[in-house]
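Novice: take a look and give me a structure for this.
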Amino acid sequence: MRIGFIGLGLMGTPLAINILKGGFELTVWNRTAAKTEPLLAAGAVRAESIGQLAQWSDVVITMLTDAAASESVICGKDGVLDHARPGLIVIDMGSIAPEMSRSIAERAKQRSVAMLDAPVTGNPKVAEAGKLGVMIGGEKEAVDHVLPLLEKVSAVIVHAGPSGAGSTLKLINNLIMGVAIEAVAEALVLARKAGIDPDCVRQITSVGGARTGAMETRGSRMLAYDFSPHFSTDNMHKDLSTALRLADAVGAVAPAASAALEVLRAARAQGKGSLDSAVVYTVIEQLCGVSQEGDRR
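Specialist: You can find the predicted model right below:
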């Protein structure tokens, strides 16, 4: 398979590098051309346009910021579909609303192109290790065709169902993560207010039923006030907002996610949207009257 890759950000770059390491022929394109340099040094070829990349590829992967970017790159003027050959498979690995995934898939089908929504779970370090979780929506025949490719970048692959199912599963996954990060922030600040070193919370929750990936990946960073972005507040806010719209559409309730969303909204109002979603810790501090500097341990 000849692979085209569009979107070389924090997650896209390690994904693309692992595809190269897997022995696939890779063509890349990125709006900021300088971001292609690490891939070119590793053996990829740079396309001059999205159309050229589509023409050279059997499979096109996109890893973009949001639904608007995915739709523009795949369906827009001189986008992937404008230049796609029948039989091309498009894999959108960004996190977008399920209804947009289904809409793009329908437009792709009209061009005899298969479209898979395949968002991932994991951070850039997990991506570098090739251990992401991939959740897929789309036709089984297309999924089976690209499994050898996806196996190079992932530890777990779940085919959740038809178009939109992968995006839906990602929202559900991120609902859990968003609520868990909020719970970690609340627990660490509560410990400080109660006179317990919050690092004791991090230590004891490394075993037992309270163990959580959110504490393991965010707990020590909260205590160090390290909010360099792994998954930004803006992105978590986007996903929880979309998850709650989904819950409303299907008649489900999500009160914990609603509360977590409000704290994310507060963080964004304070200008912290580009920081890691763990920055909700500082919002909880403020609500509890805890000083970042005076009480830091």
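Novice: how far does the longest helix along the chain sit from the chain's center?
Specialist: Longest helix of the chain, by residue count under DSSP state H: helix 165-193. Relative to its chain's centre, helix 165-193 lies at 15 Å (Cα atoms, centre = their mean, to the nearest Å).
Novice: same question for that helix, mean pLDDT?
Specialist: Across helix 165-193, pLDDT averages out at 97.
Novice: any idea how this protein splits into domains?
Specialist: For the chain, automatic domain parsing gives the domain ranges 2-161, 169-288.
Novice: mind putting those into JSON lines with mean neighbour count?
Specialist: In short, each C-beta sits where N, CA and C put it, glycine included. Putting the domains of the chain into JSON lines (neighbours: other Cβ atoms under 10 Å) gives the following:
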{"stretch": "domain 2-161", "mean neighbour count": "19"}
{"stretch": "domain 169-288", "mean neighbour count": "18"}
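Novice: quick one: contacts of the next helix or strand after the longest helix of the chain?
Specialist: Next helix or strand after helix 165-193 toward the C-terminus (DSSP states H and E): helix 198-204. The contact list for helix 198-204 (Cβ atoms under 8 Å, 6 or more residues apart in numbering) reads 187-189, 191-192, 210, 215, 219-220, 223, 297.
Novice: CA atoms of the lengthiest strand in the chain as PDB?
Specialist: The strand spanning the most residues in the chain, taking DSSP state E as the definition, is strand 154-161. Extracted C-alpha coordinates of strand 154-161, given in PDB (Å, rounded to 0.1, in the frame of the first residue of the first chain):
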ATOM      1  CA  SER A 154      -1.500   0.600  17.700                       C
ATOM      2  CA  ALA A 155      -1.800  -1.900  20.600                       C
ATOM      3  CA  VAL A 156      -5.600  -2.200  20.400                       C
ATOM      4  CA  ILE A 157      -7.900  -1.900  17.400                       C
ATOM      5  CA  VAL A 158     -11.700  -1.900  17.900                       C
ATOM      6  CA  HIS A 159     -14.100  -2.000  15.000                       C
ATOM      7  CA  ALA A 160     -17.100  -0.400  16.700                       C
ATOM      8  CA  GLY A 161     -19.500  -0.600  13.800                       C
END
